[in-house]
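Student: Curious how this folds, go ahead:
(one chain, ligands or ions: 1)
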Amino acid sequence: MMSQTTAVPAAYSVKDLNLWYGEHHALSNIHMDILEKEVTAIIGPSGCGKSTFIKTLNLMINMVPSVKMTGEISYEQENLIKDKPDLIELRKKVGMVFQKPNPFPKTIFENVAYGPRIHGIRKKSKLNEIVERSLKDAFLWDEVKDRLDMNAMGLSGGQQQRLCIARTLATEPKVVLMDEPTSALDPISTVKVEELIEKLKEKYTIVIVTHNMQQAARISDKTAFFLMGELIEMDNTDMIFSQPNDHRTEEYITGRFG
Ligand SMILES: Nc1ncnc2c1ncn2[C@@H]1O[C@H](COP(=O)(O)OP(=O)(O)OP(=O)(O)O)[C@@H](O)[C@H]1O
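Tutor: Numbers count the residues shown, from 1 in each chain. Okay, here's the model as predicted:
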């Protein structure tokens, strides 16, 4: 029987992206499509530009004053580089989770309700509903439902990271960017976050930076290998880990450098 392939729409289409920090050319001629509701893993040795690249996708990179970019990052019919979209709106649609869990020193409830409040939701019943949905989607509800008024800083590291994911989900993003989200977590918390990512891709497009090859192999659909600011290759994760095209990819994934 012939297999039918339906084209998955691209959430992002990146064309000829170049980025400089002052004089330092940190990303060179990047071309990449990031497909909707897939997990795209970004791998490569330290300093190759992984964090820089992921931070272009919601323009967090604009917080660095010396940054200059050329090329195109198409997201929802806009070129993020030239069209200067509203950053609050963009970051509502494109959420981000960082390496170190960074909850606010507020209650669990207030952490999750924070984004919706900024976007004008005041009604307590609506906020209750959003907080419950987000905590459930982040696999945290059962562990915290009886103590939503507890300070979030009292949660374990793994719980704090799932709370940060819940906080991101609360504004109903379309894309979730994750910059090494498990590197500060113990193995059990890491497994929980990986299971969570598997589930999240039913609803969200996910881009994850990881140093952990096994993690990329386990959870991603596509893998992109960066080296010294260049995208060396990107393909289905199975292909990258079984038959990469470029010898440098093979050397990296088999642990010969990096
Ligand atoms: N704010 C900055 N100002 C100047 N140079 C920077 C800045 N941030 C990163 N760089 C440089 O850009 C290059 C890419 O850095 P980036 O943090 O994106 O790499 P990375 O692949 O995420 O590394 P790691 O795996 O160590 O986190 C590096 O040479 C780094 O020194």
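Student: After the host helix or strand of residue 133, which helix or strand is next? Please name it.
Tutor: Assigned by DSSP states H and E, residue 133 falls within helix 124-137. Scanning forward in sequence from helix 124-137 by DSSP H and E, the next helix or strand is helix 141-144.
Student: May I have that following helix exported as CSV, CA atoms only?
Tutor: What follows is helix 141-144, C-alpha atoms only, in CSV (Å, rounded to 0.1, in the frame of the first residue of the first chain):
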residue,chain,number,x,y,z
TRP,A,141,-1.9,19.5,39.3
ASP,A,142,-2.2,16.3,41.4
GLU,A,143,1.0,17.2,43.3
VAL,A,144,-0.1,20.8,44.2
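Student: which strands and helices sit next to that helix?
Tutor: Packed against helix 141-144 by the contact rule (3 or more Cβ pairs under 8 Å, 6 or more residues apart in numbering; DSSP states H and E) you find helix 124-137, helix 157-169. Every C-beta, even on glycine, is put in place using the N, C-alpha and C of the backbone.
Student: as a whole number, average confidence for that helix?
Tutor: Mean pLDDT, computed over helix 141-144, is 97.
Student: Stretch 12-27 too?
Tutor: Across stretch 12-27, the per-residue pLDDT values average to 98.
Student: what does stretch 63-78 give?
Tutor: Mean pLDDT, computed over stretch 63-78, is 97.
Student: Pull up the residues of the stretch 51-200 of the chain that are close to the ligand.
Tutor: 51, 52, 64 (Cβ under 6 Å from any ligand atom).
Student: what are the ranges of the strands in the stretch 1-150 of the chain?
Tutor: Here the stretch 1-150 of the chain has its strands, by DSSP state E, counting those that start in this stretch, at 10-21, 24-35, 39-43, 67-75, 78-79, 94-97.
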